[in-house]
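>>> Here is the input, now give the coordinates:
(2 chains)
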Amino acid sequence: MYDIIIIGAGITGSFIAHDLSKKKCSVLVIDRDADVGNGATMANSAIVHAGYDPKPGTLKAKLNVRGNRMYPDICRELGVTYKNCSAFVVATDSEESEVLDRLAGQAADRNIEYKDLDGNAARDLEPNLSGAVIRALEFPTTGIIYPWNVAIALMEEAVINGTELRLNEEVTDIDCVSQSNSDAFYRVKTTAGSYEGRYVINAAGVYADKVYSMALKKESDFKITPRRGEYYVLDEMAKPVVSRVIYPVPGPNGKGVLVVPTIHNNVLLGPNSLPIEDKEANCNTSEALSYVKSAVSKTVENIPFDKVIRVFAGLRPSGDAGDFVIKESDELKGFVNVACIESPGLASAPAISEYVINEVMKEAFSFADKEEYIRRKPIVYMNELGDEAKNEMIKQNPAYGDIVCRCCQVSRGEIEDAINRPVGATTVKGVKKRVGPGLGRCQGGFCEPLVVDILAKELGKDKAEIRYDSPKSVILMEETKKGAL
Amino acid sequence: MNSRKIVIIGGGSAGIAAAIAAYNNGCDDILLLEKDAELGGILLQCIHNGFGLHRFGEELAGPAYAEKWKDMLKDLPVEVKTDTTVIHLDSDRNVTYVNPAEGYVTVKAGAVIMALGCRERSRGAIATPGYRPSGVWTAGTAQKYLNMQGYLVGKRVFILGSGDIGLIMARRMVLEGAKVLGVAEIMPYSNGLPRNMKQCLDDFDIPLYLSHTVTDIRGKDRLNGITISRVDESLNPIKGTEIDFDVDTLLLSVGLIPDTALLSEAGALLHPKTKGAKVDEHMMTSVPGIFACGNGLHVHDLVDFVSMEGEEAGAAAAKYVKGEFIPKKGYELMPGDGVSYVLPCVVSPDIMEDELEIKLRVKDNRRNVRLVLREGDKTIKEVRKLKTAPSEMEKVVVKKAELAAISGPMTLAVEDMG
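Presented below is the predicted three-dimensional model:
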């Protein structure tokens, strides 16, 4: 019997697991995917929004503002990169400028730092801003992260401190077992086993309504209709087209189509926002991609579309209530929904965890703190070290001098570390998420066969057993008659 | 800091040839850097025949062609470092490389020859809609899995793009027992060499869909199907022309792009069409002392020409470090009507060698044409051609004497023979 079972190892589930791992309680995390942070966490704008945008009085507003303030310290403690890149929300006419007035008012109410700039002042700072921009609000506390790296680091630290993690297991049913009212617990059945827990935290992303229905044995009282967002990724450049996040004024469908720098000087363009019934339909469409192209051209000029290296699509877990649903079920005691975590879910995630543990479940989760808490050993990224430190690493382990991914300059040493550390990579995508080979301009064309080779060696498997991502995502079908030449 | 007269980055066909030519032209201090464990570059995975006809007068497989060059190199006093990746290059020709034995090392070079080869355009670069399952690779990646590691990536295969690697992989997959259901090419003509069209597709009854592209990719985990559609004249898919294929593998052969990350870092000007560096008559980039050649400069059809261009760059770099020519601002050479690009981009007739080989690609398939080099209205040189095709690089050779009177920019155009 676990104290708490968390369903979903996305950014929300990972934060909650991490924060609970500091307390004296037993926690099991279950996810249907092959890796931590593989759903909405993997495919979003990767921004820690400042928090000026959500409607006053909502959980979104409260938790976004708080989350934005928590992130820099948390990332420092975890040893993952947080880049405080700042952002512009830009207006191109007087109507849009009125929206900026409202955002400025909300920012002031929430003590969020901002500057009001006219078009030319904004263009002085961001020379590729469209000539049509007449005014911009700058929000300097806006940050960017690699969301999956944060989720993985959180889960790694949780596992080091006793959390159990089961991947590739899909929840198929949940029963509330009531021996006596005070002793009720949940039995969570999965495709691989059955687990018992006194509390269940439902952080199942786009499937949170389905998971709740399983326990409730009837329709969930919230419904999640994913909203698909599609993106382009531009190649890393010495001087990306923008250095700040550029937002248009927000509209009824959200924050609009953005131009977003990433930590490694790539640029994301997107997303659109299209409601979709199929919770699996994270595919790209030519219609949405051309919409994104035309929309970003309204705020930013000189976008180098010939530098596109990838397109992707993500599904936002959008609920029908318009706000996050974070509460203990009225009907099932001990069953906590952390659902409808659409934007600004990523920015709010640390505050969501804090809210769940310290407010929603304050009494139930009042476990004592562990006497000893072990911090993770951060991944050493060679690109982030000075010359002397690089050579010291290579002296200790020559594999750090063997470059596998030429686009992102990732060494074999970093890849082996990504595989062998707690919550290590078991797949090609897992390696890519942790240390980056394949994220660059060749998209794995050169390095994928080398990564497959390293995975097979480190995991003691045949190369044909290595997967791209899920157990069904076969890479190599069979050995040829002749074998390797 | 270490210093070397010539540092060559890339030990494939261009780099090896450049090293040999640099030595033969009097440079005795050459460092050749190769990222892989052995020299040879992409040739090592090209186990099919067809290399060497122009340079050696015989048809060789890729590894055998590489072996010939490695043999020529092996007794020369050229220092070769394998398993060595170049990380930085600046405009003062400081080259920073890394390998497991030495760690990070910076070398100051008298001249640098960029021979980095090219990469394949990926699915992301062409923004193909659909899902992102395993089972979609560039043809070269599938070739590496098959020829270097001995594994077949799939059983039912479709190929997008009629580039040569795609055609060669079509035949190779069939010979390994896979079924190749077709090749789609977005252009109304094939992009591969005629001999590959014949020997890789026709001989195996593999259908070619011209003016078609892939418009959907299906499968959440492993690819299970694709859709192709006919495209209109602006290359946009036409609704209602979809054809579905149940395949587990989609290979892409949709273009090659010179690897220019280091050149950009060094501040070299890039060519908008070739995506490689802009070079002068000595294969020198806009950064003095940095030369470029091979598929890292512009993508070639035949490795023989890559080697020959490497030799040109090697010879020029050797002369540069000996001070035998001082680079100067030359006259521009620009593509005229019907020509997609010309190399070199600038020519200084007074310091050029006795002959200059101008390389170009035409925009479309034509018959009975002439390639005309002009300064303004004045014709400098004219070469007749029975046919030209975008898939075949053309050359025009001009003599130093023919350019002696030049005083302004030149153009090279393709014109019908009236």
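
>>> care to break chain A down by domain?
Following the assignment in automatic domain parsing, chain A carries domains at A:2-41+A:147-222+A:320-360, A:87-140+A:225-316, A:382-465.

>>> The last one vs chain B: in contact?
Spelled out, that is domain A:382-465. Yes - applying CB under 8 Å from any CB of the partner chain, one finds domain A:382-465 touching chain B at A:387, A:390-391, A:394-395, A:398-403, A:406-407, A:409, A:441-446, A:448-449, A:452-453, A:463-464. Quick note: C-beta positions are derived from backbone N, CA and C, even for glycine.

>>> Same check on the second one?
Yes - in terms of CB under 8 Å from any CB, part of domain A:87-140+A:225-316 sits within range of chain B, namely A:232-233, A:238, A:280, A:282-286, A:289, A:308-312.

>>> what about that domain, average pLDDT?
Mean pLDDT, domain A:87-140+A:225-316: 96.

>>> Using TSV, lay out the domains of chain A together with mean neighbour count and distance to B:Phe158.
As requested, the domains of chain A are arranged in TSV below (neighbours: other CB atoms under 10 Å in any protein chain shown; distance: least, CB to CB, whole Å):
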stretch	mean neighbour count	distance to B:Phe158
domain A:2-41+A:147-222+A:320-360	22	26
domain A:87-140+A:225-316	19	18
domain A:382-465	21	18
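
>>> These: which one's closest to B:Gly41?
domain A:382-465 (11.6 Å; CB to CB).

>>> what about that closest one, distance to the chain center?
In terms of CA atoms, centre = their mean, to the nearest Å, the centre of domain A:382-465 is set 21 Å apart from its chain centre.

>>> would you put the C-alpha positions of the host helix or strand of B:Ser3 in PDB?
Here B:Ser3 sits within strand B:2-9, counting by DSSP states H and E. The C-alpha coordinates for strand B:2-9 follow below in PDB (Å, rounded to 0.1, in the frame of the first residue of the first chain):
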ATOM      1  CA  ASN B   2      50.400  25.500 -31.900                       C
ATOM      2  CA  SER B   3      50.600  26.700 -35.400                       C
ATOM      3  CA  ARG B   4      50.400  24.800 -38.700                       C
ATOM      4  CA  LYS B   5      50.700  26.000 -42.300                       C
ATOM      5  CA  ILE B   6      47.500  24.300 -43.500                       C
ATOM      6  CA  VAL B   7      44.700  22.700 -41.500                       C
ATOM      7  CA  ILE B   8      42.200  20.700 -43.500                       C
ATOM      8  CA  ILE B   9      38.800  20.100 -41.800                       C
END
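
>>> Could you check the angle whatever helix or strand comes next after that strand makes with strand B:2-9?
Under the assignment DSSP H and E, the closest C-terminal helix or strand after strand B:2-9 is helix B:13-24. Between the axes of helix B:13-24 and strand B:2-9, defined by axes from the mean of the first three to the mean of the last three CA atoms, to 10 degrees, the angle is 130 degrees.

>>> And chain B, what are its domain boundaries?
If you go by automatic domain parsing, chain B breaks into B:1-120+B:256-327, B:122-254, B:329-418.

>>> For A:Asp323, find the nearest of these.
Of all the domains of chain B, it is domain B:122-254 that lies closest to A:Asp323, at 30.3 Å by CB to CB.

>>> Can you give the distance from that closest one to the centre of its chain?
That offset, for domain B:122-254, works out to 21 Å (CA atoms, centre = their mean).

>>> does chain A sit close to that domain?
Yes - contact of domain B:122-254 with chain A (CB under 8 Å from any CB) involves B:122-125, B:127-135, B:137-138, B:140-141, B:144-155, B:176, B:215, B:217, B:220-222, B:237, B:248.

>>> Name only those of these that count as buried.
Taking 16 or more other CB atoms under 10 Å in any protein chain shown as the criterion, what is buried in the residues of domain B:122-254 next to chain A is B:122-125, B:127-135, B:137-138, B:140-141, B:144-147, B:149-154, B:176, B:215, B:217, B:220-222, B:237, B:248.

>>> by contact count, what packs against the host helix or strand of A:Ile246?
Take DSSP H and E as the rule and A:Ile246 turns out to sit in strand A:245-248. Strand A:245-248 sits against strand A:87-91, strand A:258-261, with contacts defined as 3 or more CB pairs under 8 Å, 6 or more residues apart in numbering or on different chains; DSSP states H and E.

>>> next SSE after the shortest one?
Past strand A:258-261, heading to the C-terminal end, the next element that is a helix or strand (DSSP H and E) is strand A:267-270.

>>> any idea how far A:Val159 is from chain B?
As defined by CB to the nearest CB, to the nearest Å, A:Val159 lies at a distance of 26 Å from chain B.

>>> How about A:Ile379?
A:Ile379 sits 18 Å away from chain B, going by CB to the nearest CB.

>>> list the contacts for that residue?
A:Ile379 makes contacts with A:Gly79, A:Glu414, A:Asp417, A:Ala418, A:Arg421, A:Arg434, A:Val435, as judged by CB atoms under 8 Å, 6 or more residues apart in numbering or on different chains.

>>> Among the residues of domain A:382-465 next to chain B, which are located in strands?
Cross-referencing the residues of domain A:382-465 next to chain B against strands under DSSP state E gives A:Ile403.

>>> re the thing from before, same question for the strand holding B:Ser3, mean pLDDT?
97.

>>> Please enumerate the helices of the chain.
Just going to use chain A. A:11-20, A:59-78, A:94-109, A:119-125, A:147-160, A:208-216, A:286-296, A:345-355, A:387-396, A:412-420, A:428-435, A:448-459 (DSSP state H).

>>> my bad, chain B
Counting by DSSP H, the helices of chain B are B:13-24, B:53-56, B:62-74, B:139-147, B:164-175, B:194-196, B:261-266, B:303-321.

>>> just the ones you listed: most buried one?
With neighbours taken as mean count of other CB atoms under 10 Å in any protein chain shown, the helices of chain B reach their highest mean count in helix B:13-24, at a mean of 28.

>>> For it, name the packing helices and strands.
strand B:2-9, strand B:30-33, helix B:62-74, strand B:78-81, strand B:103-114, helix B:303-321.

>>> In CSV: the ones you listed, plus distance to chain A.
Output for those, formatted as CSV (distance: least, CB to the nearest CB, whole Å):
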stretch, distance to chain A
strand B:2-9, 12
strand B:30-33, 12
helix B:62-74, 8
strand B:78-81, 12
strand B:103-114, 4
helix B:303-321, 18
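
>>> Show the contacting residues for the residue lying closest to A:Thr172 once chain neighbours are set aside.
In space, and not counting its chain neighbours, A:Thr172 is closest to A:Lys189: 5.2 Å by CB to CB, 6 or more residues apart in numbering or on different chains. By CB under 8 Å, 6+ apart, the contact list for A:Lys189 reads A:Val171, A:Thr172, A:Asp173, A:Ile174, A:Asp175.

>>> what does stretch A:115-127 contact?
Contacts of stretch A:115-127 from elsewhere in the structure, counted by CB under 8 Å, 6+ apart, are A:88, A:90, A:100, A:104, A:129, A:131, A:133-138, A:140, A:242-244, A:246.

>>> count of residues packed around the closest residue to B:Glu265 other than its chain neighbours?
Excluding the flanking residues, the one nearest B:Glu265 by CB to CB, 6+ apart is B:Leu89, at 5.7 Å. Residues lying near B:Leu89 (other CB atoms under 10 Å in any protein chain shown) number 26.

>>> B:Leu89 and B:Leu262 touch, don't they?
Yes - here B:Leu89 reaches B:Leu262: they are 4.3 Å apart, a contact under CB atoms under 8 Å.

>>> who touches both of the two?
Common contacts of B:Leu89 and B:Leu262 (CB under 8 Å, 6+ apart): B:Ile9.
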